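**Student:** Show me the folded form of this:
(one chain, ligands or ions: 1)
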Amino acid sequence: MSWGGSDKFMQPTISTIPLATLASGDRLSLQVYTFKGHKPGRKVYLQSNLHGAEIAGNAVIHELIQFFSTLPSEQLQGEVCMVPACNPMGTNERSQHFSSGRYNVYDGKDWNRIFWDYEQAIAIDAPTNGSLDEFAQVHITQDEAVIQQRYRQRILDAFAALQTKIQSPQSVPFREKYRYSLQSLCLDADYVIDLHSSNNQGITYIYYFKNRDDSAKFFLMPVGILLDTYDGDAFDEAFIKPWLALESSFAALGRSLRFDIEAWTLELGSGMQVNADSVAKGIRGVKNYLVQKGVLSLQDYPIESLPYHDIRFTVSSRLNRYYAPTGGYIQFRVPLGSSVEAGQPIYELLCLNKDGQVPHTVKVVAATSGLVYDVSTNQAVNEGEYVMGLL
Ligand SMILES: [Zn+2]
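**Tutor:** Residues are numbered from 1 along each chain as shown. Sure, this is the predicted structure:
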């Protein structure tokens, strides 16, 4: 390895997994970097660049690889598995110089809405193995560790069954093959961290799931958004939803369980950019999280979590997106990261016409107060195009 390290320090195991052979004979692959600590423990899975324009996480993973390579294995318990550029098909897509890479060109599907979710698959599994509620009933007095191990095995068995179709002569569309490759790396993990950014211009924040507020604080992000509504089959959702569903089944029987299984999406600034501040926040957050979880031990960590009042927590159903009421050119938009009051002008559209009139402008005001967390990169918009978001 070119960046070296002596025997004293950890070295990653690097494995290259073929994904697809292209018509030209070139091959797309995933490359996985795994660091193993001196003792078994939790498995952590990190990936970046699932959406093609969202590249900042690759720098986070690169710096973490370098950082782990300066540590003796005694400082790591368990394993950390990292996959930069986890979607080569999306990453390499271009429209002139611009990365689009959010949608699969074959079927128009969002690359982050395609993943296999056991909570949905359980309908197929239930006739043989019983429903979630039945599973909870059978295990109502069982040890949490045993429940976790048995339930995970159910998930892994159902997932493994997908392979039969993939390997059949009929085979499956690329997206099904792709998700199988990616999810087979993480379904046995305890903590999954998916590194995204805006595909426009965005601030740095974290998405988290219910009952995980305390761990969300470990990432030291100034803004946290609780996913209270799901738009379906995202990577983080597909991983954690089956566990949240099982927690609910136990709760309905009066047993409160909170598995130490977590999924996170970090949003690291703007698309097509590697913003140094967002990368630094990402690295600090991941390190602190791993230290707080007992996976890593580091001298200057843990960093005390930001007090609750310094974190702006909100729920995803309360995000307000603004779309252009007519075609035009965005001007005087309030800057990314600023706070606005309801009724305050937030942007103006310069509107041309073909009616023999001089151009005019349209002012748009904020419907609610909030923080500008995301703005469109393109200041030319057709009617109905995205302009900005408030939280
Ligand atoms: Zn994304």
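**Student:** The closest residue to K43 other than its chain neighbours and the ion, how far apart?
**Tutor:** Nearest residue to K43, sequence neighbours excluded (Cβ to Cβ, 6 or more residues apart in numbering): A189, at 4.4 Å. Glycine gets a C-beta too; all of them are placed from N, C-alpha and C. The spacing between A189 and the ion, counted by Cβ to the ion, to the nearest Å, is 19 Å.
**Student:** One more: V32?
**Tutor:** 20 Å.
**Student:** so how many other residues sit close to that residue?
**Tutor:** By other Cβ atoms under 10 Å, the residues close to V32 number 19.
**Student:** show me the contacts for it.
**Tutor:** Neighbour list for V32: 14-17, 81-83, 185 [criterion: Cβ atoms under 8 Å, 6 or more residues apart in numbering].
**Student:** Where does it fall, secondary structure wise?
**Tutor:** When secondary structure is defined by DSSP states H and E, V32 falls within strand 27-36.
**Student:** One more: W264?
**Tutor:** With secondary structure defined by DSSP H and E, W264 is part of strand 262-268.
**Student:** what does I346 give?
**Tutor:** strand 345-351.
**Student:** Pull out the buried residues from that strand.
**Tutor:** In terms of neighbour count (16 or more other Cβ atoms under 10 Å), strand 345-351 has its buried residues at 346-349, 351.
**Student:** Quick check: the residue of the stretch 151-300 of the chain nearest the ion.
**Tutor:** In the stretch 151-300 of the chain, no residue comes nearer to the ion than H196, which is 3.4 Å away by Cβ to the ion.
**Student:** Revised request: answer the last question for the stretch 1-150 of the chain.
**Tutor:** Closest contact between the stretch 1-150 of the chain and the ion, by Cβ to the ion, is at H51 (3.6 Å).
**Student:** Can you tell me the SS state at that residue?
**Tutor:** coil (DSSP: H, G, I helix; E, B strand; the rest coil).
**Student:** Can you report how many residues lie near the nearest residue to it once chain neighbours are set aside?
**Tutor:** Counting by Cβ to Cβ, 6+ apart, H51 lies nearest to R102, which is 5.1 Å off, once chain neighbours are set aside. For R102, the neighbour count with other Cβ under 10 Å is 18.
**Student:** And R102, how far from M89?
**Tutor:** If you measure R102 against M89 using Cβ to Cβ, to the nearest Å, the figure is 12 Å.
**Student:** Quickly list what's touching both of those two.
**Tutor:** Contact criterion Cβ under 8 Å, 6+ apart; residues shared by R102 and M89: 52, 111.
**Student:** By neighbours, which of the contacts of V32 wins?
**Tutor:** Among these, the one with the most neighbours (other Cβ under 10 Å) is M82, at 27 neighbours.
**Student:** That one: which element?
**Tutor:** Secondary-structure assignment from DSSP H and E places M82 in strand 77-83.
**Student:** That strand: how far from the chain's middle?
**Tutor:** A distance of 17 Å separates the centroid of the chain from that of strand 77-83, by Cα atoms, centre = their mean, to the nearest Å.
**Student:** which is the next helix or strand following that strand?
**Tutor:** helix 88-91.
**Student:** what's downstream of that following helix, the next helix or strand?
**Tutor:** Scanning forward in sequence from helix 88-91 by DSSP H and E, the next helix or strand is strand 94-95.
**Student:** Do whatever helix or strand comes next after that following strand and the ion come into contact?
**Tutor:** For strand 94-95, the following helix or strand on the C-terminal side (DSSP H and E) is strand 98-99. No - shown here: strand 98-99 not in contact with the ion (Cβ under 5 Å from the ion), separated by at least 11.7 Å.
**Student:** residues in contact with strand 98-99?
**Tutor:** Counting by Cβ under 8 Å, 6+ apart, strand 98-99 makes contact with 52-53, 55, 91, 93, 271-272, all of which sit outside it.
**Student:** residues from the stretch 51-200 of the chain in reach of the ion?
**Tutor:** Taking Cβ under 5 Å from the ion as the test, the list of the stretch 51-200 of the chain residues beside the ion reads 51, 54, 196.
**Student:** Ranking by neighbours, what's the top pick from these?
**Tutor:** The most crowded member of those, judged by other Cβ under 10 Å, is E54 (31 neighbours).
**Student:** Skipping adjacent residues, who's closest to it in space?
**Tutor:** S197 (4.3 Å).
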